[in-house]
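S.K.: What shape does this take:
(chains A and B)
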Amino acid sequence: MFVCLCKGITDSDIQKLVLEHGVGSIRELKQHVALGSECGSCTKVAQMVIDNTIIDETLFKDVGYSNVIFKSIPSRYKSNCKSLSLLTRCFH
Amino acid sequence: MQSTSTILTMLNEVLTTELTSINQYFLHARMYKNWGFNTLNDKCYKKSIMDMKQADKLIERILFLEGLPNLQRLGALSIGEHTVEMIQCDTAVQLTQIEQMKSAIALCESEKDFVTRELLTEILEHEEEHLDWLETQDYQIQSMGIDKYLQAQL
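M.R.: Next up is the predicted model:
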């Protein structure tokens, strides 16, 4: 599905950036693509796609103790998947 | 004729949904046409034109009730990348629109605006019909597979 019609950015593009480049927020996403630079009406959906990718793919699902670790991480770090994967690596 | 502000706000919200769906169906229709799926193009094109006519009726009704129709506001379009996703996006839009229409009709009932209610009931009937068509397509895709389904749309 197209998230940003102005720049033709799809949800799979965003998912790929989250998974491959550790994008965890709109600000980080904007460093890779020009999303939200024209009409700005897509930022809400884009944020939702980022959040869902982080939660659904759980990026560290196969790490074992992920759930326990995830609950112990303060919520301000949870939005940033780069620090999240770093944290889980440290815990391991 | 004067009307209550709640009715006018509601009518403008319904108008926004219609204006958004005009664009969504128009783009989907022409995407189907570009891929050569003429049956799907015809269906979506006609739905877009139907929405335009419904928006026209809403605009006339808002003006009749001494309100100002807001043609500037548009909702976000949900545009799919391929046929299955496009049908899913359209279904989601139809479901939210039908919910909106139902609460709008309930508001008309409580405000005793029976003429607006009739107009909205007519729109709701068309929206339900289109949702049923979308559900049929979804069923066909699941039962015959996307390849055969698309072959039937040429």
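S.K.: When you work out contacts or count neighbours from here on, use the C-alpha atoms and nothing else.
M.R.: Will do.
S.K.: those strands in chain A, which residues are they?
M.R.: Remark: strands assigned in chain A by DSSP state E are A:2-4, A:9-10.
S.K.: average pLDDT for the longest one?
M.R.: I take that to be strand A:2-4. For strand A:2-4, the mean per-residue pLDDT is 94.
S.K.: So which other helices or strands are in contact with it?
M.R.: strand A:9-10 (3 or more Cα pairs under 8 Å, 6 or more residues apart in numbering or on different chains; DSSP states H and E).
S.K.: Could you list every helix and strand in contact with the strand it packs on?
M.R.: With contacts taken as 3+ Cα pairs under 8 Å, 6+ apart, strand A:9-10 sits against strand A:2-4.
S.K.: Leaving out chain neighbours, which residue sits closest to residue B:83?
M.R.: Using Cα to Cα, 6 or more residues apart in numbering or on different chains and skipping residues adjacent in sequence, the residue nearest residue B:83 is residue B:32, 7.9 Å away.
S.K.: which parts of the helix or strand containing the one you found are buried?
M.R.: In this structure, residue B:32 sits in helix B:5-35 according to DSSP states H and E. In terms of neighbour count (16 or more other Cα atoms under 10 Å in any protein chain shown), helix B:5-35 has its buried residues at B:7-33.
S.K.: now it, how far from the centre of its chain.
M.R.: Centroid separation between helix B:5-35 and its chain, computed with Cα atoms, centre = their mean, to the nearest Å, is 6 Å.
S.K.: repeat for stretch B:84-98
M.R.: Worked out by Cα atoms, centre = their mean, stretch B:84-98 lies 9 Å from the chain centre.
S.K.: And for that stretch, what's in contact with it?
M.R.: Stretch B:84-98 is contacted by residues A:1, B:17, B:21, B:25, B:28, B:78-80, B:124, B:127-128, B:130-131, B:134-135, B:137-138 when judged by Cα atoms under 8 Å, 6 or more residues apart in numbering or on different chains.
S.K.: Which other helices and strands does the helix holding residue B:32 contact?
M.R.: On a contact count with 3+ Cα pairs under 8 Å, 6+ apart, helix B:5-35 meets helix B:38-64, helix B:83-111.
S.K.: deepest of these, which one?
M.R.: The highest average neighbour count among these, using mean count of other Cα atoms under 10 Å in any protein chain shown, belongs to helix B:38-64 at a mean of 18.
S.K.: Can you name the residue of chain A nearest chain B?
M.R.: Here chain A gets closest to chain B at one residue, residue A:1, 4.3 Å apart by Cα to the nearest Cα.
S.K.: mind checking the longest helix of chain B?
M.R.: Ranked by residue count, the top helix of chain B under DSSP state H comes out as helix B:114-151.
S.K.: For the spatially most central residue of chain B, which residues are in contact?
M.R.: In chain B, the residue lying closest to the centroid (Cα atoms, centre = their mean) is residue B:21, at 5.0 Å. Counting by Cα under 8 Å, 6+ apart, residue B:21 touches B:48, B:51, B:77, B:93.
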